[in-house]
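Engineer: Just to be clear, the model below is a prediction. Sequence and coordinates:
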Amino acid sequence: MSLKELRELKIQAGVVKRLYKEGKSYLKERDHQIERIERITAQGADSYDIAKQNEVLEETLQMIPDCQLRLQAAHATLQKLVENQDSSWAGTDELNQAIEVLKEVSEG
């Protein structure tokens, strides 16, 4: 078992996990921003304030597809590493973590 390969597996699992959380964060931010725009519009806020909040929403909406593409690429890389695993990786924390991350992202 190569320490370099296990290190790469651990790093890639971390990348997938981070990108998954980042994607969920952007979706949550999108929903929050939509609620904020609806609330300030109903309260009769200044059109400048509403426009600025719409700009923030647009920036968030632009980040979601980018994040999803990066997650898909990282997920595919991790999946490939797990599928092509060395037999000596069996039972290692790194492999178990990678499998758990793949499962979490697939279910989520």
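Structural biologist: Yep, that arrived.
Engineer: burial count for residue 56?
Structural biologist: Residue 56 has 13 neighbours, counted by other CB atoms under 10 Å. Where you see a C-beta, it was placed from the backbone N, CA and C, and this is true even at glycine.
Engineer: With residue 52 instead?
Structural biologist: Using other CB under 10 Å, residue 52 is surrounded by 13 other residues.
Engineer: Check which helices and strands the helix or strand encompassing residue 16 is in contact with.
Structural biologist: Residue 16 is part of helix 3-42, with elements assigned from DSSP states H and E. On a contact count with 3 or more CB pairs under 8 Å, 6 or more residues apart in numbering; DSSP states H and E, helix 3-42 meets helix 47-83, helix 93-107.
Engineer: Most remote residue from the middle of the chain, which is it?
Structural biologist: Distance from the centre of the chain peaks at residue 44, with 35.2 Å (CA atoms, centre = their mean).
Engineer: who's in contact with residue 2?
Structural biologist: Residue 2 makes contacts with residue 86, as judged by CB atoms under 8 Å, 6 or more residues apart in numbering.
Engineer: And it, what's its pLDDT?
Structural biologist: As predicted, residue 2 sits at a pLDDT of 74.
Engineer: gap between it and residue 39?
Structural biologist: According to CB to CB, to the nearest Å, residue 2 and residue 39 sit 55 Å apart.
Engineer: cool, residue 59 as well?
Structural biologist: The spacing between residue 59 and residue 39, counted by CB to CB, is 19 Å.
Engineer: likewise residue 87?
Structural biologist: On the measure of CB to CB, residue 87 and residue 39 end up 57 Å apart.
Engineer: Compare those two and say which one has the larger neighbour count.
Structural biologist: residue 39 (11 against 6).
Engineer: separation between the more buried one and residue 50?
Structural biologist: Distance of residue 39 to residue 50, computed by CB to CB: 11 Å.
Engineer: Right, I'll leave it there.
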